[in-house]
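S.K.: Below are the sequence and a predicted model for it; my questions follow.
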Amino acid sequence: MTRRFDLPGRPVVKSGAGLSGAPHFPPQITVAGVMRQVLYALTPGVIACTWFFGVGVLLQILFAISFALLFEALMLRLRGQPLRPFLGDYSAVVTAVLFALCVPPLAPWWVAMTGMFFAIVIAKHLYGGLGRNLFNPAMIGYVVVLISFPREMTQWLPPQQLATIQLDVLQSVLTIFTGHLPDAFSWDSITQATPLDSIRTGISEGRTVSEIRQSPIFGDFGGLGWEWIANWFALGGFWLLWRRIIGWHVPVTMIGSVVLFSLATYLVDPGAGPSPFQHVFSGALVLGAFFIATDPVSGCTSVRGKLWFGAGVGVLTLVIRSWGGYPDGVAFAVLLMNLAAPLIDRFTRPRIFGHDEV
Amino acid sequence: MTPSYRKIFNDGLWHKNTGLVALLGLCPLLAVSTTIINSLALGLATILTLSLSNLTVSMVRTLLRPEIRIPAYVLIIASIVTAVELSMQAWFHDLYLSLGIFIPLIVTNCAIIGRAESFASRHPPLPALVDGFATGAGFCLALFALGATRELMGHGSLLRDAQFLLGEGAATLQLTIIPHYDGFRLAILPAGAFIFLGFLIALRSWLAR
Amino acid sequence: MREYALILISTVLANNFVLVRFLGLCPFMGVSTKFEGAVSMAIATAFVLTISSMSSYLVHSYLLVPLRLEYLSTLTFILVIAVTVQLTEMVMRKTSPLIYRVLGIFLPLITSNCAVLGVALLNQRQQHNLLQSAIYGLGAAIGFGIVLVMFTAMRQRMATRDIPVHFRGSPIALITAGLMALAFMGFTGLAKV
Amino acid sequence: MLTAVIAITSLCALFGLGLAWASRRFRIESDPVADQINALLPQTQCAQCGFPGCKPYATAIAGGAADINLCPPGGDALIGELAQLLGRKVKALNPDMGPHLPRRVAIIDEDSCIGCALCVQACPVDAIMGAAGLMHTVIQSECTGCDLCLPPCPVDCIDMAEPSLHRHWRWARPARADLAAVHDAVNP
Amino acid sequence: MPESTLPHSPPMWKSATALAVVAAAGAGILAGIHELTRDDIEAQQQRAVLTQLEQVLGPITHDNVLHQDLIRVSDTVLFPGDQLVEIFRARQDGQPVAAVIRLLAKDGYNGDISLLLGVHYDGEISGVRVLAHKETPGLGDDIEFARSDWILGFDGLSLTARPRQQWAVKRDGGGFDQFTGATMTPRAVVKAVRLALEYFESNKDLIFAPSVPSEAPNAAPEGH
Amino acid sequence: MVEQARLAGEQIHHFHGGLRLRHNKKVSCETPLKRPSLPALLKIPLVQHADVNVQAHVHCLVHPGDVVLKGQAIGRFDDIGGGLVHASTSGVVTDISLQPISHPSGQSGLCVSLEPDGRDAWCAYEPVSDWAHTEPLELLERLLRSGIVGLGGAVFPTGHKLQRARQNQVHTLILNGAECEPYISCDEMLMREHPDRLLLGAHILKHMLGAQRVLIAIEDQMGVIHRVLNQLIKKPGNEDIDVVKVTTIYPEGGERQLIQVLTGLEVPAKGYPIDVGLICFNVGTAGAVAQSITSGRPMVERIVSVTGPGIVRPRNFIALLGTPISHLVAHCDGYTDDAARLIVGGPMMGYALSADDNPIIKAANCILVLTEQNIHNAQPEMPCIRCGACARVCPAILLPQLLHQQVVDELWAPAADNGLNDCIECGCCDFVCPSHIPLTDWFRYGKGALDRAVAEDERAEAAKLRFEARNTRLSDRKDARNERITAQKISVRQDARARIDALTNQAKDQEESGGLK
Ligand SMILES: Cc1cc2nc3c(=O)[nH]c(=O)nc-3n(C[C@H](O)[C@H](O)[C@H](O)COP(=O)(O)O)c2cc1C
Ligand SMILES: Cc1cc2nc3c(=O)[nH]c(=O)nc-3n(C[C@H](O)[C@H](O)[C@H](O)COP(=O)(O)O)c2cc1C
Ligand SMILES: Cc1cc2nc3c(=O)[nH]c(=O)nc-3n(C[C@H](O)[C@H](O)[C@H](O)COP(=O)(O)O)c2cc1C
Ligand SMILES: Cc1cc2nc3c(=O)[nH]c(=O)nc-3n(C[C@H](O)[C@H](O)[C@H](O)CO)c2cc1C
Ligand code: SF4
Ligand code: SF4
Ligand code: SF4
Ligand code: SF4
Ligand code: FES
């Protein structure tokens, strides 16, 4: 009696129709699994952010996720793609969370909407959706809102230790929905320049860094509050490293190049610019190093390419922080390196086994 | 064989629109389209240049040896553009200032030399003139569409600075569509110009599907 | 020295000719979806731009200005550019067939690149001297080249099949250029003068 | 007015002289661009493009005398490559030149062949062997499928067929599954 | 334009001649048009400059040709950054009436801010306008007249009308509004205007010296 | 060069990438080797390869109705070196026809159906009494007729491999016992039960090659075998043999990877191990060589693992070539209830069959049956997210994500530049891809299509040259003729007259050659 077997190629298996060959074990990891782990890794940092800056942070995340999924669903529908596998891959959620973490906690709702429109619709789906985007969607969204709504995007709150007035949940929700503060408050009284911004403006007014650092908004090594947020993000980052979701190359070269170059200027003239410590624990550097510059899709894919990519992001961040028009440069640096990534990939192909030259 | 005027217009305005299909003359298209008035001004200058150059080329088409055709066209166009530039300088000075070097750069708008070579040099003066006009109008249309979108999104208004083109009395023409609008600044920045033109072309291709 | 460095930084990064100044877009969009072609085009443009930038300066300040014929600058510049391109082509074809093989195809295309005329006109308007003109031209070309090469590499990575139909081709290319311009905004303020 | 005319005219004269001198000084013989173009052409040598072979067509393109969409055997793929090489816009194949067909090879029905040798003269790549009066055969691996041997054959004994090269078994191109269906099957 | 722009076929001189004829014809026609438009263009150019100057001067009477009565001065303390500051002078019957100062505010957020400042002979500001700047759109660009009335806040002020310590933005304890999220830009403008006024006050006589010196003295008056 | 000091029995080099997979070999190793009963019908395919054209040139040497003896040559194939196929037992040829064979294409191939007569009677053969004193060339001659092929996977005829290797200086012979794919255990069983045969094979091969030394590579978890082999090589006469334990990382058993691990040398991409003075044989091949040389009999059987979670009692068989798979499975008490896929080879490189009546061939080292649970895929294919996991594990140091894109877009020249042909189809990249892209399938397809594209290009280039040659020939001929005619005319008539005639002739010639168009 001959027994018949199904050939591989049924939908459940691999490539759909036709013959397919080995390997016969399907992979154990999935895209959704990878993205979920990134989200887990972000949790400590998110909690820290909320602790220091209030529920606004969570509200921004909520808004961003809702808009992201909405636009994702819309675009999938328009492109004739199935909703469930792609909505369930969590990549849009990762984008939304990373975007929301870059936005001031009380920014009005249309900031998240515009940002997610540019991130999901333009930067992601016009290029063909998951895995096809050339630019980091979250950073495109952030840069678009940064240049389009500069006022809303500079309304940063001080960490709770310094805040004289604090908004409760309802007030925060109202502020985000209306774009206006409740009557009793004014923006000038509740917002504060971020540490990086203070350093930038201070230096351009001719003060030295140590003078600037007298301000209470600075903590032990970075900005008060900000430095701890960075630490918690780093914790999540290490977990991702350990789980092998990300490689060491980008975080190490990115932070390393910032430390190296800022150390050089610092040693020459300690008053002229922030110390390496200050640089690392300010702004979005740690978040960027572990979660943003490591975006696999828009970054370099070869190992040597990743080294260059990380170093490039670090150096450009430093250049923009020191001489450019924006207090922090991580977003621009990431986008600029996204631009260069295909080129870098081209020149950093590994030497194939058994071949002489590269 | 000379195509019908209807076809000339269809091609120039829609099917072979320079700005949206052939993608020629992108630099002025993107650079000056921050407001409707700027767009219209450059559009009109382009229509004028194109019509004149097509006419001239068509008139001298039998006199030129093939190998110097193109350089000769370039010279003719450069002369016409300079004439237009001088006139604008004399009579629309504010516009001239706000369009900057994009007036003389009409010379390198490939659409103009392209029409001269592919149409004017093979057809009699009248159709050539019409073709120049239609092509220029197509370009002007693209400019207008882009300018209107960007002005509306960026400033919330339409027809601002109309006095530059239409004289002092026209300053009142400005329509504020969205009052107290803070402006979506991306629209007036270079990045926005590219993105909006991308969408405009996609829209055209969708309409023409 | 500092001044020349600033001109370079400004033309290459902060006021990049293609992405901020909007010059040279037609070849940028159309020339090449092929990497080698883009590199050749970049090199050829750098060559022609620098030379024509200088020769336009010479013609302008030693012929047009003394004779008070500034209004003929457009006409003469385009003449100068055409001749420069033609001469470059001939010399290259003879002296280095290898380079000509690579660059030759792109040389004629450069005449219709408005960046070349644009640089000549801008030099005139900003009253650059000879060296400034040369550096301005070179910077413009480097800015053009860098962006062109990166753009080509990016275009090759795009998966056309997955791009929505009406956005395939030039719309997505323009949007990419727009996002590049967005990234280049990070350089604003770099060349504070 | 006069200054303008004189200045421009003398400038032109100067440039003209310069170019004339340069064109003499830097004269060259063959055109490397044509070789590059020729390297892309399919070398079918079928003359469907209106030129007697691929090389002449390549020279014509390089000289600007012919468009890039005239070669049916190359089809759209070739036009794309040429457009890239020359930095031009992609066009559709010119339908006047004939449709793009997959490559085929000629097979001579050896029983009917009368050995007239007319096909031998027609073949642009010497792919047909045989002496006058005897039976002729097509060397399959050398035939480009240009069809030029068909018209001269007085007894119509030449057929075009799929080349044997393509009959070898190879792994098929994987197909993409319908994502939605698969997803539903996977996660009931 | 795929083909090369100039011919390379043998009868080079013939082609060159033909081209020269075309060029000459073009040049000739252009020369004609130039003749025709020259006067209009000149008038327009003057009008453009004058309109700007008059905007900051307001309605005053003067009888000199304003845009030609110009000196360039420098001052290392009051005009930082080695700039050459242009001063246009308005006179009536040879008597000084007012001046327009074109200068750069050096410490803007993103670079220099180019200002035009009209000041009466008695030191009262008749108007200020921003000619060019690189401040962040949406944040610092409210200094533009086109975007807000902030710049009109200078009108009628003088060093005497407002005490010196009041010449600062409110955050620094002064009398000028800052913008939400943008303090540096107004700060820079206020400072530049104040310094210009100080220069004007202390160098009035030199500025309006009847013999037109092409360069005013470099030495800054003491007392700052 | 290999340094003696570095080979103290442990590996010291590494290869790039690879996977640590669960081994799953134990289940089939616990029962000793066994010969199954004679099946009722043997179907012996004349093509025994997995990856060549099934319609390769084969010649059948028998006719239906012929009575054949065991070991009698019944077919010959001419592809990759060529070789013989022999009858696996004695009996009657009942049919010669196209039958389904064990080939990934699912296509049919020419098979000789043999009905065993039960006697299992050998044809006449001639053992070598003293191989150590026989000329290597004579041994080679025998090997070429023995039908022995490489049993490690590629099924390249061993005789030819030796023949080619003898043209180079081979200093080291490597016996590949690093059976790295999960489930497969035929090599392990051979080394457990017949270590002496393995050593004998090593000596014979070394003698034939003139090699100086032998390395036997085994996996570090084959503890028992390691001990036994180590004892054996301590015996006199075995001084040149070393046993090296290598860590179990798939695909360590690939010869290029193994060579790198053992010696640190990289076999050049377009070359073979002999280019670096090495040669590599599977341990099974060495065993078969030993058997065949000493007994004089051709190869008619091989060790096959029948294993996997879909088999009730997995084990290894010594199976006659041509035995139906179902016959072996029946000897393992059949399939489990959830058996879902039948595979020839291992889970990483094997190919699936649609029915189990296919015969065992020389390439079939393992019959693997997987269950529904094993092959259940939790996610449909998604787009590549460029995570780089595939590149991290690729032993050929390729960038599968890039290669995949190029193969999908059919960009053959860049794909070739990026090493499409260097892909060893190991399946590692597939296994780690979070997007579940069938990368290896794409590369298998790509390699075939690349072959075609290259052939097309070569043809075009050749056509160009022939076209140009023909043109010069024609124009030379024409020139010669013109010259001749002109010369004649000038000598007969006046100058002016002659010139006119020449022109007319030229015109005529042009008309003639105009017929070309
Ligand atoms: C992207 C960005 C752009 C900015 N642009 C300006 C600007 O153009 N002008 C300005 O005064 N402040 C600008 N700022 C704000 C300054 O950094 C600084 O916060 C401010 O001048 C201090 O004012 P505050 O004390 O009112 O916050 C910008 C900030 C950011 C983040
Ligand atoms: C990915 C891969 C894995 C392989 N694994 C093994 C293996 O586990 N054992 C083995 O003997 N040969 C293996 N081979 C085959 C060897 O590379 C090589 O062909 C064999 O050892 C040569 O010996 P042979 O000619 O006797 O077959 C593998 C090949 C590849 C490409
Ligand atoms: C087409 C082909 C040609 C070969 N040619 C040679 C050869 O010339 N010299 C040699 O030593 N081995 C040769 N071999 C055998 C290889 O070296 C190698 O042992 C065999 O391919 C098995 O390796 P694998 O299973 O790792 O692929 C050849 C194999 C194949 C398939
Ligand atoms: C390690 C890691 C980092 C990621 N970082 C980003 C990010 O910075 N921005 C973003 O939009 N998506 C990020 N994603 C999600 C996803 O890759 C992204 O949405 C794709 O670019 C969508 O195609 C990340 C995913 C992973 C696994
Ligand atoms: S049409 Fe025929 S002869 Fe002409 S280029 Fe194509 S293949 Fe060659
Ligand atoms: S045999 Fe016929 S079809 Fe083939 S190349 Fe020659 S002429 Fe062409
Ligand atoms: S493992 Fe899969 S998803 Fe990751 S880079 Fe490779 S092909 Fe892409
Ligand atoms: S199948 Fe090919 S590409 Fe994939 S890991 Fe193996 S060798 Fe590398
Ligand atoms: S318009 Fe600028 S290059 Fe075409």
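M.R.: Right, received. Where do you want to start? Everything numeric here is computed off the predicted structure, so don't read it as measured data. Numbers count the residues shown, from 1 in each chain, chains lettered A, B, ... in the order given. Ligands and ions are numbered 1, 2, ... in the order given.

S.K.: what's the neighbour count on D:Ala58?
M.R.: D:Ala58 has 25 neighbouring residues, counting by other Cβ atoms under 10 Å in any protein chain shown. Every residue, glycine included, has its C-beta placed from N, CA and C.

S.K.: Tell me how far D:Ala175 lies from D:Tyr57.
M.R.: 38 Å (Cβ to Cβ, to the nearest Å).

S.K.: neighbour-wise, which of those two wins?
M.R.: Neighbours were counted for D:Ala175 and for D:Tyr57 using other Cβ under 10 Å; D:Tyr57 has more, 26 against 15.

S.K.: list the contacts for the more buried one?
M.R.: Applying Cβ atoms under 8 Å, 6 or more residues apart in numbering or on different chains to D:Tyr57 gives the contacts D:Leu41, D:Cys49, D:Gly50, D:Phe51, D:Ala66, D:Leu70, D:Cys71.

S.K.: does F:Val112 sit in a helix, a strand or a coil?
M.R.: F:Val112 falls in the strand class when you classify it by DSSP: H, G, I helix; E, B strand; the rest coil.

S.K.: can you check A:Asp220 too?
M.R.: A:Asp220 falls in the coil class when you classify it by three-state DSSP.

S.K.: May I have the predicted confidence score for the closest residue to it other than its chain neighbours?
M.R.: In space, A:Asp220 comes closest to A:Glu227 once its chain neighbours are excluded; the distance is 6.7 Å by Cβ to Cβ, 6 or more residues apart in numbering or on different chains. According to the per-residue confidence, A:Glu227 scores 86 in pLDDT.

S.K.: does A:Glu227 count as helix, strand or coil?
M.R.: Of the three states, A:Glu227 takes helix under three-state DSSP.

S.K.: B:Ile113 now?
M.R.: On the basis of three-state DSSP, B:Ile113 is classed as helix.

S.K.: Count the residues that sit near it.
M.R.: The local packing count at B:Ile113 equals 23, with neighbours defined by other Cβ under 10 Å.

S.K.: are any of the contacts of D:Tyr57 buried, and which?
M.R.: Burial of these was assessed by neighbour count (16 or more other Cβ atoms under 10 Å in any protein chain shown); the buried members are D:Leu41, D:Cys49, D:Phe51, D:Ala66, D:Leu70, D:Cys71.

S.K.: contacts with ligand 5 among those, please.
M.R.: Restricting those to those within reach of ligand 5 (Cβ under 6 Å from any ligand atom) leaves D:Leu41, D:Cys49, D:Phe51, D:Cys71.

S.K.: Turn these into CSV, including secondary structure and pLDDT.
M.R.: Rendered in CSV, the data for those read as follows (DSSP: H, G, I helix; E, B strand; the rest coil; pLDDT from 0 to 100):
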residue, secondary structure, pLDDT
D:Leu41, coil, 90
D:Cys49, coil, 87
D:Phe51, coil, 87
D:Cys71, coil, 91
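
S.K.: who touches the lowest-mean-pLDDT helix or strand in chain B?
M.R.: When each helix and strand of chain B is scored by mean pLDDT, DSSP states H and E, helix B:163-166 comes last, with a mean of 74. Residues outside helix B:163-166 that contact it (Cβ under 8 Å, 6+ apart) are B:Ile37, B:Leu40, B:Ala41, B:Phe92, B:Asp94, B:Leu95, B:Ser98, B:Gly169, B:Ala170, B:Ala171, B:Leu173.

S.K.: and it, C-alpha only, in CSV?
M.R.: Presented in CSV, the C-alpha positions along helix B:163-166 are these (Å, rounded to 0.1, in the frame of the first residue of the first chain):
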residue,chain,number,x,y,z
GLN,B,163,-0.2,93.4,-5.7
PHE,B,164,3.2,92.2,-7.0
LEU,B,165,1.6,90.8,-10.1
LEU,B,166,-1.6,92.8,-10.4
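
S.K.: how about stretch F:144-163: buried residues?
M.R.: The neighbour-count criterion (16+ other Cβ under 10 Å) identifies F:144, F:146-153, F:155-163 as the buried residues of stretch F:144-163.

S.K.: can you tell me if that stretch touches ligand 3.
M.R.: Yes - using Cβ under 6 Å from any ligand atom, a contact is recorded between stretch F:144-163 and ligand 3, made by F:Gly150, F:Gly152, F:Gly153, F:Ala154, F:Phe156, F:Lys161.

S.K.: Quick check, the first one in contact with F:Asn282.
M.R.: Yes - contact between F:Gly150 and F:Asn282 holds when scored by Cβ atoms under 8 Å: they sit 6.0 Å apart.

S.K.: Report the central residue of chain C.
M.R.: Residue closest to the mean C-alpha point of chain C, counted by Cα atoms, centre = their mean, is C:Ala141 at 4.2 Å.
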